[in-house]
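S.K.: Return a 3D structure for these sequence lines:
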Amino acid sequence: MKKINRKKKNIGIILFFSILFLILWIAPGISDEEEKISIPGKYAGYSGEIYKEWVRTSEYVTVRDGTKLAVDIYRPAKDGKPVSEPLPLIWTKNSLV
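M.R.: Numbering: from 1, shown residues only. Purely as a prediction, here's the structure:
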């Protein structure tokens with residue numbers, strides 16, 4: 001009878017300290033996280049800003065039928081020069097009609 005009670009007590013102690021360890025290990029990560037917001041005009045809680053400046057170039061692109069379209073290209077820059085690494089593209093179109 002004493003051996004059974006001792007085993008139950010040991011299991012209880014191990015369970016208690018295991019739960020305590022998990023709480024102390026997980027809790028700091030939860031409280032340090034910034035709330036993630038991604039809506040038009042607001043972006044927070046994800047990655048930080050990599051480039052502090054950008055440069056704009058304007059060009060005409062000739063399409064199949066010979067029409068020339070005016071295009072503004074905005075690229076991130078360092079020290080006033082556009083970065084040369086490949087980056088994702090964000091396409092926006094503004095219609096005058």
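
S.K.: contacts and neighbour counts: CA atoms only from here.
M.R.: Noted.

S.K.: Thr62 bridge partners, please.
M.R.: Beta-bridge partners for Thr62, by DSSP bridges, are Lys68.

S.K.: first vs last residue of stretch 60-71, how far apart are they?
M.R.: Taking Cα to Cα, to the nearest Å, the first and last residues of stretch 60-71 lie 6 Å apart.

S.K.: what about that stretch, average pLDDT?
M.R.: The average of the pLDDT scores along stretch 60-71 is 94.

S.K.: Quick one: the strands in this structure, in order.
M.R.: 37-39, 42-44, 53-62, 68-78, 81-82 (DSSP state E).

S.K.: what's the closest of those to Ile11?
M.R.: Ile11 lies closest to strand 37-39 among the strands of the chain, at 43.2 Å (Cα to Cα).

S.K.: Quick one: list the elements packing against the closest one.
M.R.: Where contact means 3 or more Cα pairs under 8 Å, 6 or more residues apart in numbering; DSSP states H and E, strand 37-39 is packed against strand 42-44.

S.K.: so what does the strand it packs on touch, helix or strand wise?
M.R.: Strand 42-44 packs on strand 37-39, going by 3+ Cα pairs under 8 Å, 6+ apart.

S.K.: can you pull the buried residues of the strand it packs on?
M.R.: Buried residues in strand 37-39, counting neighbours by 16 or more other Cα atoms under 10 Å, are absent.

S.K.: Format the strands of the chain as a markdown table; extra columns: distance to Trp91.
M.R.: As requested, the strands of the chain are arranged in a markdown table below (distance: least, Cα to Cα, whole Å):
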| stretch | distance to Trp91 |
| --- | --- |
| strand 37-39 | 18 |
| strand 42-44 | 19 |
| strand 53-62 | 14 |
| strand 68-78 | 10 |
| strand 81-82 | 18 |
